[in-house]
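Student: What would the 3D arrangement of this be:
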Amino acid sequence: EVQLVESGGGLVQAGGSLRLSCAASGFTFDDYAIGWFRRAPGKEREGVSCISAKDGRTYYADSVKGRFTISTENPKNTVYLQMNSLKPEDTAVYYCAAPGYCGYEYKYWGQGTQVTVSS
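Tutor: Numbers count the residues shown, from 1 in each chain. This is a model prediction of the structure:
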């Protein structure tokens, strides 16, 4: 059974940083990509970033390029999203999704973690 558990969300002031974690299990981590998504109140879900655990390729939404960094710790089957220079518009529930391929739909999603950035 695939399980994805996010953690690390919270309340931070604009300009601050947070690191989200996604602990994955139930599939061969190294063979797939893992994505981070977010949904802000009243808005559609947005793809934030994606990483291929197999070759390390990363992708970012234009809105977070230069501020967010995605990485993996393969022995622990964990994906991180380091978020720096946070803005109020980054406020959303953040979800990780796997297993899959960057740019494609994912079958399994975590429960989400709330990120709130105050101005």
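
Student: so the most centrally placed residue in the chain is in which element?
Tutor: Geometric centre of the chain, nearest residue: Trp36, 2.8 Å, by Cα atoms, centre = their mean. Element membership of Trp36 [criterion: DSSP states H and E] is strand 33-39.

Student: quick one: that strand to chain centroid distance?
Tutor: 4 Å (Cα atoms, centre = their mean, to the nearest Å).

Student: can you check stretch 36-49 too?
Tutor: In terms of Cα atoms, centre = their mean, the centre of stretch 36-49 is found 10 Å from the chain centre.

Student: ditto for stretch 18-32
Tutor: Stretch 18-32 sits 10 Å away from the centroid of its parent chain (Cα atoms, centre = their mean).

Student: would you put the C-alpha positions of that stretch in CSV?
Tutor: Listed next in CSV are the C-alpha coordinates belonging to stretch 18-32 (Å, rounded to 0.1, in the frame of the first residue of the first chain):
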residue,chain,number,x,y,z
LEU,A,18,10.0,26.3,5.9
ARG,A,19,11.1,22.8,4.9
LEU,A,20,8.4,20.3,4.1
SER,A,21,9.0,16.6,4.2
CYS,A,22,7.1,13.8,2.4
ALA,A,23,7.8,10.3,3.7
ALA,A,24,6.9,7.7,1.1
SER,A,25,6.4,4.0,1.3
GLY,A,26,4.8,1.1,-0.6
PHE,A,27,6.6,1.5,-3.9
THR,A,28,10.1,1.4,-5.3
PHE,A,29,11.1,5.0,-4.5
ASP,A,30,14.1,5.1,-6.9
ASP,A,31,12.0,4.2,-10.0
TYR,A,32,9.6,7.2,-9.9
